[in-house]
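Asker: Give me a 3D structure for the following:
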Amino acid sequence: MSYFFQTCLLLSTMSGNQLCTDSEILNRYEFQEVHMGVQWRIVLYATDKPIANKAAQNAFLRVKELNKLLSDYDPESELNKLCRLSGPGKPITVSDPLLEVLKKSQALSRETEGAFDVTISPVVRLWRRARRQNKLPDPTRLADARAKVGFELLKISEQNQTVELLKDDMRLDLGGIAKGYAADVALKVLKEHGVNRAMIDASGDLVLGDPPPDSCGWKIGISSSDALQAEIDRFLYLHNIAVATSGDALQHVVIDGKRYSHIVNPHTGLGLTDQSRVTVIAPDGTSADSLASAISVLGPVDGIKLLTKKPGTACLILLHENGKIKSYESPCFSRYEVDQNQQ
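Answerer: Numbers count the residues shown, from 1 in each chain. The predicted structure is shown next:
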C-alpha cells in the first residue's frame, strides 16, 4: 500500500541503454500496465527486445491472474467468493496463492496482536463511507462492524487447504499485502524467463532483483519529509530485496477538526490519527508491504521492536509530533544508505 513512493521515490536511470557485462550486451527495457487499480512498471535488462517483451508480458499476465484471486473489489474474485460462501462450519477449499497470502497474513496478525488484520474489511468499508460523508460512523454500526473483525475468526487448515470464516457476514481485505505478494510473483516469472536484472514497481511497492549492469544496486531516492513535493535527499542502493511505504499524505480527512488517515486501526475501526510515513525494507515484497501496514498502526516504538525479531528488515518512520516531523530509524536502516553523490 505504498502509493507515497510516487512522489518520494526516485529510480536511477542509467546513462545509455546498452551496457556490457559478463561478455554480453544487455539492453534496458521498461514496460507499464495498470493492474490492481494502480500503475505497475517493470524495468529489466535483457539481450534483446523479444526476450524482454515475452518476460514482461508473462509477468503482467500473472499479476492479472492473481488479481482475480485476491481482489476485494472484484465481486467475482476468489477472495469475495470465499467471503460469500464460507461461514461457521463451512470451510472452503482455496487456491495455493490465496492460501499462502492468508497464512502469511495470519502469522503477522499473531506477531502484531492484530495490528495487521485482513478481516478488517467491514470497518474499512464503513470508514470509506464516513470519509465520503465527512462524519464519523454511527456508533451502533461501528460496533456491529467491529464484531465481525478479528484474525482469530479466520480458521486456516493447511492440510485440507481450506479457509473457514467463523462468523457470518465477515469480509476480507488483502489491500495491505496482495500488491507486495503479486510483485514477488512477477519477479519470479521474469527470472523463469532468464531475466534476473529487473525491478518491479507496483505503484511504489518495489521488488528488486539483481542490480543493473555495472552497478552495485538499484538507486532508490527517499525524502526526510512527507510533503507531497518533498525533495529527494537520501539514497539507498538495493538489490534482491523489497521496499514498501505506507502513508496518508494523499488520503486523509478532517472531521470535527481532527485529522484521520485512510489507514484504519483494526482495534478501533477508525482511521489513524497519528500522521506518519513508514518505509520498510524487507527480503520480499509480501513482507515489506504487510510490515509497512502493520507498523503504521503499531507506531515507531513497537514497530521498530517488531523488526528486531525479523532478520533482513529495516525501517524509516516519519511521525508528526507537535507540529514537527520526527524521524525514527531501526538500527539496520543506515546500512542500506549511500552518499547522495555516489554514482
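Asker: got a list of contacts for the lengthiest strand in the chain?
Answerer: For the chain, the strand with the greatest residue count under DSSP state E is strand 24-35. Residues from elsewhere that reach strand 24-35 (Cβ atoms under 8 Å, 6 or more residues apart in numbering): 14, 17-20, 39-49, 52-53, 56, 60, 63-64, 67, 182, 197, 202, 212-213. C-beta here means a position set from N, CA and C on the backbone, and glycine is covered the same way.
Asker: Need the buried ones from these selected in PyMOL.
Answerer: In PyMOL, a selection of the buried entries from the contacts of strand 24-35 looks like this (16 or more other Cβ atoms under 10 Å):
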select buried, resi 19+40+41+42+43+44+45+46+52+56+60+63+67+182+197+202+212+213
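Asker: mind checking which helix or strand the residue positioned nearest the centre of the chain is in?
Answerer: For the chain, Asp289 is the residue whose C-alpha lies nearest the centre (Cα atoms, centre = their mean; 2.8 Å). Using DSSP states H and E, the element containing Asp289 is helix 285-298.
Asker: Which parts of this protein are helices?
Answerer: According to DSSP state H, the chain carries its helices in the segments 5-8, 49-70, 78-85, 96-111, 121-133, 139-146, 178-192, 285-298, 300-307.
Asker: Contact partners for the closest residue to Met170 other than its chain neighbours?
Answerer: Nearest residue to Met170, sequence neighbours excluded (Cβ to Cβ, 6 or more residues apart in numbering): Lys148, at 5.1 Å. Neighbouring residues of Lys148 by Cβ under 8 Å, 6+ apart: Thr119, Pro122, Lys167, Asp169, Met170, Arg171.
Asker: Show me those that map onto strands.
Answerer: Using DSSP E, none of the contacts of Lys148 sit in strands.
Asker: Looking at the residues you listed, spot the one nearest Pro300.
Answerer: Nearest to Pro300 among these, counting by Cβ to Cβ, is Thr119 at 25.3 Å.
Asker: What number of residues are in the vicinity of that closest one?
Answerer: Here the number of neighbours of Thr119 (other Cβ atoms under 10 Å) works out to 26.
Asker: returning to what we had before: out of the helices of the chain, which gets the lowest mean score?
Answerer: Mean pLDDT values for the helices of the chain show the minimum at helix 5-8, a mean of 37.
Asker: contacting residues for Ala198?
Answerer: By Cβ under 8 Å, 6+ apart, the contact list for Ala198 reads Ile42, Val43, Leu44, Tyr45, Leu187, Leu190, Lys191, Leu208, Gly209, Asp210.
Asker: Alright, calling it a day.
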